[in-house]
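Chemist: Okay, structure incoming, though there's no sequence with it:
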């Protein structure tokens, strides 16, 4: 067992010479058993700067003073440094005399690296919290503030010093929201996290700020809940924009229905979804007669169906058409000349949902022109107040639009940018060519979505911007420039880089872990199989990946039960410390203790199960042997030819064998649980016996003490 143990084990005699050197010690150090046996351990295998200290630990163990968890560096045969955690245990012969020391070590080199990396990640997280562009706070389980970053201080007006240790709800939340916020925090302290909870925060100056909050449970290394961390978002302006957007949407619906121009809409299948009063008045077809019907087939004269159909299909592909003229024949056969704009209609996610067509009865051109100007003014106000940076350039690349958010993000005011060349004056040198190319293409009608480039602000700070470059056209359809809607993705980029690094670290930790680790997908097929799992089972990673774990690698008698454990984990019901036998590739039986943990993707959806196992085969054998020895000892006590009794630390009888019962006349049933000294020792010896027992309970044993 020593030789095949999964920990480095060595032994020395009383002269300090090596007597044990197992396979793991040889594997870690590079010194074989033959290289070490009989050699002085300290002088030949410990680095010089640690010889005195290691020698002292071993000498102390030879004197009977054992040492647990002594840490020192071991330099291998080829000069590599390994961090070792050592237990030095006294070794004794049958007569109780010290014969040497046995040392059981643990190679904690990788653990030290992981610990250092965890500390670095923790430090990075703390800096991220402090410098984040969103208000972040934390509370303990009592509701006292433990985190209050710069943005939280900036937003609320309360400094970190003014908030730390104070009760968040009682001192910083408005009266009408105290109960709701307290409930959210209480749920998070019980592990029930809350996303997108809205509440008003009143600042130090009395200003109201609308906050969108995620309340996330905070746990320590053991998984115990220590509090809540909340990441907020100031949605005050967003709320105003949403209210304004709803108002605009309502206005738009009314405008469409009551507009003095014929307006129709179709879905992606070409069926009518909009048919306003003017369209009904001009065509003679009511809304009820048109909605849900195919527009081209039923309401366009046959000679124009192909051309109108092409225009609408182009719009459904995102290629909008302005000022397309065609004749519309009314229900009663009259011809009307219509000037049509076919505009792509999109949902909130940007996907095309249909086409909206604004027509114009050319006889009433002046009225329609006025309506178009009103719509343009609404769009201008929307651009100016949008919560995203929006800019526009003409076909020469000169700035024509620069909204409030663009000014806020860049540090350049609208007055400083209008009429200037965007690329030449506001884009960094290494990105000038790329941005110019995107704008040139957009000016040719080739729009670009999700183009990334860095924007350097007036103060020299760099922002990563995700840009949509959309072609801008005039009433005749001629390209007049480009409008770009941007998004600041600086923090998102940093988080994505960090997430990839953590994922890479996790992959390395899994593969090099000193425990067998496997993973399955939602179909039960193997996705993880680390080196220790391969070493333990005999099946390599290549032989297992993509195969059904239960059907191919679990013995038949345990497939149903292991399958049930994994199915539960796939439903989010995790299992810890489940034992089952694993038969290796060569038929050996290994006892495995398994944790089955649910694995989830970034969206919280279950993607599989990861299982961390422990080979407890030898532990089971040791436990069985210990139980056998305990049973033998109990029978020995009971049948011994000498009286044997035992007491606990309170002096109550725990052992009373047959000879003790025969000698005393008290049966085992009459003595167990009774106080030995008070009930079974004569008065003149009570003090002495009580003293002897108390000393023994402190570890000071007494031999050959007689009493009546």
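Modeler: Now that the structure is in, tell me what you want to look at. Not measured: the values here are computed from a predicted model.

Chemist: State the distance from residue 514 to residue 71.
Modeler: As for residue 514, its distance to residue 71 is 17 Å (criterion: CB to CB, to the nearest Å). Just so you know, the C-beta spots here come from the backbone N, C-alpha and C atoms, and that holds for glycine as well.

Chemist: Look at these two and report which has more neighbours.
Modeler: Higher neighbour count among residue 514 and residue 71: residue 514, with 15 against 12, using other CB atoms under 10 Å.

Chemist: Chain neighbours aside, what residue packs nearest to the more buried one?
Modeler: Nearest residue to residue 514 in three dimensions, chain neighbours excluded: residue 532, at 6.3 Å (CB to CB, 6 or more residues apart in numbering).

Chemist: list the contacts for the spatially most central residue of the chain?
Modeler: Nearest to the mean C-alpha position of the chain, by CA atoms, centre = their mean, lies residue 602 at 7.1 Å. By CB atoms under 8 Å, 6 or more residues apart in numbering, residue 602 lies in contact with nothing.

Chemist: any idea which helix or strand comes after whatever helix or strand residue 115 lives in?
Modeler: For residue 115, the host element (DSSP states H and E) is helix 109-131. Downstream of helix 109-131, the first helix or strand assigned by DSSP H and E is strand 136-140.

Chemist: who's in contact with the following helix or strand past that following strand?
Modeler: Downstream of strand 136-140, the first helix or strand assigned by DSSP H and E is strand 145-148. Strand 145-148 is contacted from outside by 129, 136-140, 158, 160, 163-168, 227, 229, using CB under 8 Å, 6+ apart.

Chemist: Now do the SS call for the residue nearest to residue 514.
Modeler: Counting by DSSP: H, G, I helix; E, B strand; the rest coil, the backbone at residue 532 sits in helix.

Chemist: do you know how far residue 688 is from residue 703?
Modeler: From residue 688 across to residue 703, the span is 15 Å (CB to CB).

Chemist: no, scratch that, I was asking about residue 412
Modeler: 93 Å.

Chemist: Look at these two and report which has more neighbours.
Modeler: For residue 412 and residue 703, the more surrounded residue by other CB under 10 Å is residue 412, and the numbers stand at 18 against 4.

Chemist: neighbours of the nearest residue to residue 78 once chain neighbours are set aside, just the number please.
Modeler: Distances taken as CB to CB, 6+ apart put residue 30 closest to residue 78, at 5.6 Å, once the chain neighbours are dropped. Per other CB under 10 Å, the neighbour tally for residue 30 reads 14.

Chemist: Filter the contacts of strand 145-148 down to the buried ones, ChimeraX style.
Modeler: Those of the contacts of strand 145-148 that count as buried under 16 or more other CB atoms under 10 Å are selected in ChimeraX with:
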select :129,136,137,138,139,140,158,163,168,227,229
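
Chemist: Let me know the closest of the contacts of strand 145-148 to residue 346.
Modeler: residue 136 (33.8 Å; CB to CB).

Chemist: List the residues that contact the closest one.
Modeler: Neighbour list for residue 136: 129, 147, 149, 151, 152, 229, 230, 231, 232 [criterion: CB under 8 Å, 6+ apart].

Chemist: Tell me which two of the residues you listed sit farthest apart.
Modeler: Counting by CB to CB, the most remote pair of the contacts of residue 136 is 151 and 229, 13.8 Å apart.
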